[in-house]
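In: I would like to see how this sequence folds:
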Amino acid sequence: MAARPRQVAKTPVEWHIDDVPIDYATAVAVMEARVAAIAAGDAGETLWLLEHPPLYTRGTSARHEDLREPRFPVFTAGRGGQFTYHGPGQRVAYVMLDLKRRRPDVRDYVASLEEWIIRTLTAFNVRGERREDRVGVWVKRPDKGAGFEDKIAAIGVRLKRWVSFHGIALNVEPNLSHFSAIVPCGVVDPRYGVTSLVDLGHPVTMVDVDIALRQAFEEIFGATQAGLPEATDLP
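Out: Coordinates of the predicted model:
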């Protein structure tokens, strides 16, 4: 039996998928506009699934020395966290929810995002785990050695008037060498790397992942409904 859902609201969340890469600056502008509309009561909650062209983002806690090589464009993000990579083969989910109507608790919200990722990975027989001292979702890699773990999903959150934006990035089949130009999320211990579903031996498609994401999301956050074909038409 599934655990009691958290963060559930009465109104379905609009579910948008873009099939073409979205420029990061465009995505942020769309999110800002939608978050303002949700906060004003002029729009409903939404979730936006997309991929970005290769780029790096700098969170509010990022250290300059963690950018080893600016191989791709670098964007300053308003979310928490440090440096991260986005690119083709990575499913980014921007989550815009009104936490005032759900539960105005940041810790609970982040825990709900972690649980969402963990349940999604379960659909592919991958065991994702939380770590108190490291943000994101991790998988153990005994094949690499004792104590080795890899991050498979990153989390970065920002709130404005208790409406969330930014969200998660799940590695499906990105080019993992692109992560080497940064210290991902500031984790320098050589035992901790980055992986993906395909790297772990699960040749899944983005469509497979989207189906699993939606099912797990509804278990935790409540019902969804199909949104506009092009999420860039928001708000």
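In: so residue 109 touches residue 100, yeah?
Out: No - using C-beta atoms under 8 Å, residue 109 is not in contact with residue 100; the gap is 11.7 Å. Just so you know, the C-beta spots here come from the backbone N, C-alpha and C atoms, and that holds for glycine as well.
In: quick one: which of those two has more around it?
Out: residue 109 (22 against 12; other C-beta atoms under 10 Å).
In: how about the secondary structure of the more buried one?
Out: Of the three states, residue 109 takes helix under DSSP: H, G, I helix; E, B strand; the rest coil.
In: other residues contacting stretch 58-72?
Out: For stretch 58-72, the external contacting residues (C-beta atoms under 8 Å, 6 or more residues apart in numbering) are 53-56, 74-85, 87, 156, 178, 180-183, 186.
In: chain neighbours aside, what residue packs nearest to residue 23?
Out: Excluding the flanking residues, the one nearest residue 23 by C-beta to C-beta, 6 or more residues apart in numbering is residue 53, at 7.0 Å.
In: and that neighbour, how close does it get to residue 24?
Out: According to C-beta to C-beta, to the nearest Å, residue 53 stands 8 Å off from residue 24.
In: chain center to the longest strand seen in the chain: distance?
Out: Across the chain, the longest stretch assigned as strand under DSSP state E is strand 149-160. Per C-alpha atoms, centre = their mean, to the nearest Å, the displacement of strand 149-160 from the mean C-alpha position of its chain is 6 Å.
In: paired strands for it, with orientation please.
Out: Strand pairing for strand 149-160, determined by DSSP bridges: strand 134-140 (antiparallel), strand 163-171 (antiparallel), strand 192-194 (parallel).
In: for residue 91, see how far away the closest residue in space to residue 192 that isn't next to it in sequence is.
Out: Of all residues not flanking residue 192 in the chain, residue 149 sits nearest, at 5.5 Å (C-beta to C-beta, 6+ apart). According to C-beta to C-beta, residue 149 stands 21 Å off from residue 91.
In: what does residue 18 give?
Out: 11 Å.
In: what do these two both touch?
Out: 49, 51.
In: higher neighbour count, the two?
Out: Taking neighbours as other C-beta under 10 Å, residue 18 and residue 91 compare with residue 91 leading, 22 against 16.
In: which SS class is that one?
Out: Applying three-state DSSP: residue 91 is strand.
In: contact partners for the closest residue to it other than its chain neighbours?
Out: Once flanking residues are discounted, residue 91 sits nearest to residue 170: 4.7 Å by C-beta to C-beta, 6+ apart. Residue 170 makes contacts with 90, 91, 93, 117, 120, 152, 153, 197, 209, 213, as judged by C-beta under 8 Å, 6+ apart.
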